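Peer 1: got a sequence here, can you build the structure:
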Amino acid sequence: MNKAEQFLNSLGSEIAPAEAFVPVNLLEILDDCGIRLCFDGDLDGEIVAKLEIVGNKKTLRLNPIDNPYRLENRYLVAHVLGHYALHCQPGADYIIVERRREYNEAAKHFLAAVEMEACSFADDLLLPIEACRLVMEKFQGEAQEQSSYEQEHFWKERFASIFGVQPPVYLNHRLRYLGLMS
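Peer 2: A predicted model of the protein is given here:
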């Protein structure tokens, strides 16, 4: 069981069968954690998210400059949840700030260990391995009909639409792990 599944179980959530698990309902998870989500126009332009835990009050503020309806925010919220689940001790006060940065594969190699843990948590939460394997099985025939240079794009499009994860850079690590990307 990965850390995202352990975290969901600690909330009392039962992991549904993989095909029913996606796309993950992040608002429900935040609610289960007692975290209020809001958009805060007063955040500095370089801050994309800020989780404040003071006593029993937990608030995740997203910068509205990053359109609240963009799917990138799903990955950002899952990443911050990773910090919350993995790096916060119960009962302690915290402020977790996520600053604007380029999320590309090269940059991921230079992130601190705690950032890598939060990225892995977000991958496991949004792209559960078993669900990914079911998607692979379901679309394998259709993928093989694509030319070899179009297959990567085909898989990125399928995974993005099914799992609600955009832009494709957020899918790269998982697709490489599954052998669907070079």
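Peer 1: which neighbouring elements make contact with the longest strand along the chain?
Peer 2: The longest strand of the chain (DSSP state E) is strand 47-54. If you count contacts as 3 or more Cβ pairs under 8 Å, 6 or more residues apart in numbering; DSSP states H and E, strand 47-54 packs onto strand 57-62, helix 72-87, strand 94-99. C-beta coordinates here come from the backbone N, C-alpha and C atoms, glycine included.
Peer 1: now mean pLDDT, distance to Asp31 and mean neighbour count too, for these, in TSV please.
Peer 2: What follows is the helices and strands packed on strand 47-54, written out as TSV (pLDDT from 0 to 100; distance: least, Cβ to Cβ, whole Å; neighbours: other Cβ atoms under 10 Å):
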stretch	mean pLDDT	distance to Asp31	mean neighbour count
strand 57-62	96	11	18
helix 72-87	91	12	21
strand 94-99	92	18	14
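Peer 1: of all the ones you listed, which one is nearest Gly12?
Peer 2: helix 72-87 (14.1 Å; Cβ to Cβ).
Peer 1: what's in contact with the closest one?
Peer 2: Helix 72-87 has contacts (Cβ atoms under 8 Å, 6 or more residues apart in numbering) with 3-4, 7, 23-24, 26, 29-30, 33, 35, 37, 48-49, 51, 53, 60, 62, 66, 96, 98, 103, 114, 117-122, 125-126, 164-167, 170.
Peer 1: at 7 Å instead, please
Peer 2: Residues outside helix 72-87 that contact it (Cβ atoms under 7 Å, 6 or more residues apart in numbering): 3, 7, 26, 29, 33, 48-49, 51, 60, 62, 66, 96, 98, 114, 117-119, 121-122, 125-126, 164-167, 170.
Peer 1: just the buried residues of those.
Peer 2: Buried members of the contacts of helix 72-87, scored by 16 or more other Cβ atoms under 10 Å, are 7, 26, 29, 33, 48-49, 51, 60, 62, 66, 96, 98, 117-119, 121-122, 125-126, 164-166, 170.
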